[in-house]
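1. take this sequence and fold it.
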Amino acid sequence: MVEQWLNDFFWKGIPLGHFVTGVDVAFLDGPATPLWRSKAPCRALPAGPPLKDLPPLDEAFYNMWHPLWYELVDTWHLTGTWLHPETSYCIDQLAFAEQRAYLYIGCHDRENPSKPRRYNASLSPISHDQGVIAFPLRTFRALEFHAAGYCPGTAMLLCAGTAVVESAVHEALEMHQSFPGQPVLDPHTADLTIDVTIHWGHGGVSTTGQAHAQ
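-> Prediction:
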């Protein structure tokens, strides 16, 4: 399922799987285990010029009007087969600065995993029950990636890609069931932690996330 999601989501029309070389998971602070490895050569992360003439970047963590937030959201290019258009309404500087940005993704019904998704891009997932789940983007990561030296576009790619992989692992665990409606390892189990490490191509950078319910 991780491979499917990495090929169902795109950055500037390129599947995320072309940027990611591997995914590891660790349960309950245990050792990391390889979950998925790319079978094809990966692309280098996009490069771009550094931003100039901005206020101190550390101020962006506390200032929703910091110009870096505008620079970041202007480089958003995530699309996806099951990414609901509702997502676009929280890709703005205020939602990012206030940690209120989500990926709205049409998922399978864990009670009926063999049935097709009820997803409908033309209907609001707020007013219509169609199996669309909101996964947090954890937008502070984009600031951290930019502070580490990545241009805004790459910082947003790493932020979005990490969220997609977290969501994919979560969904995979929900769909791996002992019988319909009962996952073998439920990511909503209290006190269960599922740490995810995403390895990106050409440069060895890795990002981390969590796939358990929070």
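2. count of residues packed around Tyr62?
-> Tyr62 has 8 neighbours, counted by other CB atoms under 10 Å. All C-beta atoms are positioned from the backbone trio N, CA, C, and that covers glycine.
3. and for Pro67?
-> Pro67: 14 neighbours (other CB under 10 Å).
4. hang on, it packs against Lys52?
-> No: between Pro67 and Lys52 there is no contact under CB atoms under 8 Å: 11.2 Å.
5. give me the mean pLDDT for stretch 122-132.
-> Summarised as a single mean, pLDDT over stretch 122-132 is 83.
6. can you check stretch 197-206 too?
-> 86.
7. any residues touching that stretch, and which ones?
-> 18-26, 32, 38, 41-45, 158, 161-162, 165, 207-209 (CB atoms under 8 Å, 6 or more residues apart in numbering).
8. could you do stretch 128-139 as well?
-> So stretch 128-139 is contacted by 84, 86, 95-97, 99, 101-109, 117-120, 123, 125, 159-160, 162-163, 166-167, 170, 209, 214 (CB under 8 Å, 6+ apart).
9. can you give me the distance of the residue located most distally from the centre of the chain to Ala148?
-> Ranked by distance from the centre of the chain (CA atoms, centre = their mean), the top residue is Asp53, with 29.7 Å. Distance of Asp53 to Ala148, computed by CB to CB, to the nearest Å: 20 Å.
10. that older thread, of the contacts of stretch 197-206, select the buried ones using a PyMOL command.
-> This is the PyMOL syntax for the buried subset of the contacts of stretch 197-206, where burial follows 16 or more other CB atoms under 10 Å:
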select buried, resi 18+19+20+21+22+23+24+25+26+38+42+43+45+158+161+162+165+207+209
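11. out of the contacts of stretch 197-206, which sit inside helices?
-> Using DSSP state H, the members of those that fall in helices are Leu158, Gly161, Thr162, Val165.
12. I'd like those residues as CSV, with pLDDT and distance to Val132 appended.
-> Shown next, in CSV, are the ones in helices among the contacts of stretch 197-206 (pLDDT from 0 to 100; distance: CB to CB, whole Å):
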residue, pLDDT, distance to Val132
Leu158, 96, 24
Gly161, 96, 20
Thr162, 96, 20
Val165, 96, 19
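13. from those, which two are the most distant?
-> Within the ones in helices among the contacts of stretch 197-206, two members stand farthest from each other by CB to CB: Leu158 and Val165, at 10.7 Å.
14. ok, Gly153 - contacts?
-> Applying CB under 8 Å, 6+ apart, the residues contacting Gly153 are Pro46, Gly48, Thr75, His77.
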